[in-house]
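Participant: Sequence first, predicted coordinates after that:
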Amino acid sequence: MNINEISLFALFGIIITTFFFLLALSINRTNGLFFSRLPKQFLKDSNNPQYELEREFGKKFVAIVFKIFPPIFLGFVFILILSFLFHQ
């Protein structure tokens, strides 16, 4: 792999991890529920106990993303910085 491929790999990794961070932030903001319904229906379903399983899954997803993805994100940033430093 040359430096350009490494920097593209790192940039792609940063974009993917940023997407997962934004997704986790939005799910965290909605208390674990996904945006799979219209806003009016979402407000009605936010306190419905029928959607407790979806809420629990959303909270577990957020916990996993916030636990695993920060070191991966920082690793991609470090790789990108190194690729720019060694680029000629």
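Facilitator: Cool, got the structure.
Participant: Grab the most central residue of this protein for me.
Facilitator: Against the mean C-alpha coordinate of the chain, by CA atoms, centre = their mean, the closest residue is Phe20 at 1.4 Å.
Participant: Any stretches of this protein with poor pLDDT?
Facilitator: Residues of the chain meeting the criterion pLDDT under 70: 35-36, 88.
Participant: where do the helices sit along it?
Facilitator: Applying DSSP state H to the chain gives helices spanning 3-29, 39-45, 52-85.
Participant: Please provide the alpha-carbon coordinates for the shortest one, formatted as PDB.
Facilitator: Output in PDB follows, covering the C-alpha atoms of helix 39-45 (Å, rounded to 0.1, in the frame of the first residue of the first chain):
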ATOM      1  CA  PRO A  39     -42.700  12.500  14.100                       C
ATOM      2  CA  LYS A  40     -46.300  12.500  15.300                       C
ATOM      3  CA  GLN A  41     -46.300   8.700  15.700                       C
ATOM      4  CA  PHE A  42     -42.900   8.900  17.300                       C
ATOM      5  CA  LEU A  43     -44.100  11.200  20.000                       C
ATOM      6  CA  LYS A  44     -47.100   8.900  20.700                       C
ATOM      7  CA  ASP A  45     -44.800   5.800  20.800                       C
END
